[in-house]
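> just coords:
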């Protein structure tokens, strides 16, 4: 999950003094010199679905329905190979319908201190404590599933199968090259060449299914009694008989390709997830519903704010904020880990202004522009939309996050002396991240692992973001305290995987003379 999701789903900009002070940053109001303001801001962010290039889908989509979606590249590749190589053009690989349901939650409790240096200049410090929780419920192998898990204990049988298959194809190719079967011309030679091509295509497809490719890890095969399983068994047997009976190559005639007997189960999935040598090396999903409560610090913020102008009808302020690397990055070894910050230094410039109309209506506009400083992080090098990637692709990479721009518009209506209500409209855009290997040795090590060069920049795609959100809020300002409630919803997202997040926030503030 992207670390910036929490910080970008901020609530209303600050509103005119006397009604909207409790809304949230950025604000235009200023403290008097020597005044200390304490802010307590709990915020709950939840989501169970996400946008991918404008399309909304459940978080558990990789295990739901068929694999025509690119969420699960190994199953998608398997489906394409079976349609092409086996001739089953209508085949749909599926793990069943709605087997995995996920709900993610991030609860942030932020404590902020603002101190007035002069009547127009103030400094602020904010430190968040974050609790993350992921609940997942799955039931693999429901009615309609036609895939079963590849088990690590079957590796010897697969290795033997491919050794015999490769030997038979090599022997056939050598015989063709030596002029057997009437080659280079004649009907027998044409049949031998056609069988060699068919066998090689089948061998490559089955090898991808069992061992994966550079950007996928092998996980599932069709079960034996499915249409695809029976087709695979028939074609393998047919090629073996043709090699032996027609062309005298018998070392492959008795081999069968091992296929799962039953649909994928919880135990099979745990085996796929836990396998570290050639598998995923991920934390298992758990049984039924798993609750993962973990506590981390978020990225702390230090800022200085200057009120440029302030009168009855118009106010404007500018702030420079530094976001410190104190948060928790999500782990590449846990498919359900949530970040509490990007854990690197960010610089952000904020400009906010408020226009007052007839003492009861405020138009609030704020703009935030941020530069995220380069850093490093561990990632599994694979296409950005690969949900489950082999542990062998893990590498520590140099990371340069894209810069961002956010615009928030928040009109508010004063309902009484102390009460106000309003709406929010927000737009956020971020440039593409840039990944690279820290050293040439890291790139060589990964290429050696997969047998082909693999660029770290493959992770860049899908890291740019555009999103919009809407919300509503109610605020109260009393003699000694300020308070506010707000609710926001992300309504569109393009570029990467963007949570369809609902955010509920409470803001409470009080100001005192500390000296």
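Perfect, I can see it now. Nothing here was measured: the structure is a model prediction, and the numbers come from that model. Residues are numbered from 1 along each chain as shown.
> What's the per-residue pLDDT of the residue lying closest to residue 241 once chain neighbours are set aside here?
Nearest non-adjacent residue to residue 241, counting by CB to CB, 6 or more residues apart in numbering: residue 253, 6.3 Å away. Quick note: C-beta positions are derived from backbone N, CA and C, even for glycine. As predicted, residue 253 sits at a pLDDT of 77.
> likewise residue 468?
Taking residue 468 on its own, its pLDDT is 95.
> Report the contact partners of residue 374.
Applying CB atoms under 8 Å, 6 or more residues apart in numbering, one finds that residue 374 lies in contact with 344, 398, 399, 400, 401.
> how would you label the residue nearest to residue 241: helix, strand or coil?
coil (DSSP: H, G, I helix; E, B strand; the rest coil).
> could you dump the contacts of residue 374 to JSON lines with pLDDT and distance to residue 368?
Shown next, in JSON lines, are the contacts of residue 374 (pLDDT from 0 to 100; distance: CB to CB, whole Å):
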{"residue": "344", "pLDDT": "88", "distance to residue 368": "18"}
{"residue": "398", "pLDDT": "94", "distance to residue 368": "26"}
{"residue": "399", "pLDDT": "94", "distance to residue 368": "22"}
{"residue": "400", "pLDDT": "94", "distance to residue 368": "20"}
{"residue": "401", "pLDDT": "93", "distance to residue 368": "15"}
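> With neighbour count, distance to residue 463 and secondary structure as extra columns, can I get those residues in TSV?
Shown next, in TSV, are the contacts of residue 374 (neighbours: other CB atoms under 10 Å; distance: CB to CB, whole Å; DSSP: H, G, I helix; E, B strand; the rest coil):
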residue	neighbour count	distance to residue 463	secondary structure
344	21	15	coil
398	16	14	strand
399	22	10	strand
400	18	10	strand
401	25	8	coil
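> Which of the residues you listed sits closest to residue 383?
For the contacts of residue 374, the minimum distance to residue 383 (CB to CB) is 17.0 Å, reached by residue 399.
> and the nearest residue to that closest one once chain neighbours are set aside, what are its bridge partners?
Closest residue to residue 399 apart from its sequence neighbours, by CB to CB, 6+ apart: residue 377 at 5.0 Å. Here residue 377 sits in beta bridges with residue 397, as judged by DSSP bridges.
> how far away is residue 377 from residue 449?
Per CB to CB, to the nearest Å, residue 377 is found 19 Å from residue 449.
> Can you show me the helices along the stretch 1-150 of the chain?
Secondary structure of the stretch 1-150 of the chain (DSSP state H, counting those that start in this stretch): helices at 5-8, 73-85.
> shaky segments in the chain?
1-27, 62-73, 96-99, 138-144, 152, 214-218, 264-281, 283-292, 450-451 (pLDDT under 70).
> contacting residues for residue 469?
Taking CB under 8 Å, 6+ apart, one finds 9, 424, 425, 426, 428, 488, 489, 490, 491 in contact with residue 469.
> ok, so of those residues, who is nearest residue 30?
Among the contacts of residue 469, and counting by CB to CB, the member closest to residue 30 is residue 424, at 22.5 Å.
> Let me know which of the helices of the stretch 1-150 of the chain is tucked in deepest.
helix 5-8 (a mean of 23; mean count of other CB atoms under 10 Å).
> what's the distance between the residue in the chain sticking out farthest from the centre and residue 196?
In the chain, the greatest distance from the average C-alpha position (CA atoms, centre = their mean) is reached by residue 182, at 56.9 Å. Going from residue 182 to residue 196 by CB to CB gives 15 Å.
> Secondary structure element for the closest residue to residue 206 other than its chain neighbours, which one?
Leaving out its chain neighbours, the residue that sits closest to residue 206 by CB to CB, 6+ apart is residue 257, at 6.3 Å. Taking DSSP states H and E as the definition, one finds residue 257 inside no helix or strand.
> do the same with the one 3 residues further on
Secondary structure here is read from DSSP H and E; on that basis residue 260 sits in neither a helix nor a strand.
> and the gap between the closest residue to it other than its chain neighbours and residue 85?
The shortest distance from residue 260 to any non-neighbouring residue, by CB to CB, 6+ apart, is to residue 148 (2.5 Å). According to CB to CB, residue 148 stands 19 Å off from residue 85.
> Residue 303 is in contact with residue 321, isn't it?
Yes - between residue 303 and residue 321 there is a contact at 3.9 Å, judged by CB atoms under 8 Å.
> what sits against the residue nearest to residue 360 when sequence neighbours are not counted?
In this structure, residue 360 finds its nearest non-sequential neighbour in residue 414, 4.5 Å apart by CB to CB, 6+ apart. Contacts for residue 414 (CB under 8 Å, 6+ apart) come out as 19, 359, 360, 361, 362, 420.
> do the same with residue 192
Contacts of residue 192 by CB under 8 Å, 6+ apart are 172, 175, 176, 180, 181, 183, 247.
> Need the three-state assignment for it.
helix.
> same thing with residue 153?
State at residue 153, reduced to three classes by three-state DSSP: helix.
> Please report the number of neighbouring residues for it.
The burial count assigned to residue 153 is 8, neighbours taken as other CB atoms under 10 Å.
> Please apply the same query to residue 261.
Residues contacting residue 261 under the criterion other CB under 10 Å number 10.
> circling back to that earlier point, take the contacts of residue 469 and keep only those in strands.
424, 425, 426, 428, 488, 489, 490, 491 (DSSP state E).
> and which of those residues is nearest residue 165?
The nearest one, if we look at the ones in strands among the contacts of residue 469 relative to residue 165 and count by CB to CB, is residue 490, at 50.4 Å.
> Now do the contacts for that closest one.
So residue 490 contacts 9, 47, 51, 467, 468, 469, 498, 499, 500, 501, 502 (CB under 8 Å, 6+ apart).
> Quick one, which of those residues are buried?
9, 47, 51, 467, 469, 498, 499, 500, 501, 502 (16 or more other CB atoms under 10 Å).
> Pretty sure the second one sits against residue 133.
Right, residue 47. No - the pair residue 47 / residue 133 is not scored as a contact, 12.0 Å apart, by CB under 8 Å.
> rewinding a little: which residues touch the residue nearest to residue 260?
By CB under 8 Å, 6+ apart, the neighbours of residue 148 are 220, 221, 222, 223, 259, 260, 261, 262, 263, 264, 268.
> So what sits opposite the residue lying closest to the fourth one once chain neighbours are set aside in the bridge?
Nearest in space to residue 223, with sequence neighbours left out and distances taken as CB to CB, 6+ apart, is residue 148 at 4.6 Å. Beta bridges link residue 148 to residue 221, judged by DSSP bridges.
> among the ones in strands among the contacts of residue 469, which two are most distant?
428 and 489 (13.9 Å).
> Compare these two (neighbour count), which wins?
Taking other CB under 10 Å, residue 428 and residue 489 do not tie; residue 428 has more neighbours (22 against 14).
> what's the more buried one in contact with, if anything?
Contacts for residue 428 (CB under 8 Å, 6+ apart) come out as 8, 404, 405, 406, 407, 465, 466, 467, 468, 469.
> any idea how far it is from residue 366?
Taking CB to CB, one finds residue 428 at 12 Å from residue 366.
> Touching both of the two, which residues are there?
Common neighbours of residue 428 and residue 366 (CB under 8 Å, 6+ apart) are residue 407.
> what about residue 147, how many neighbours?
Quick note: residue 147 (other CB under 10 Å) scores 27 neighbours.
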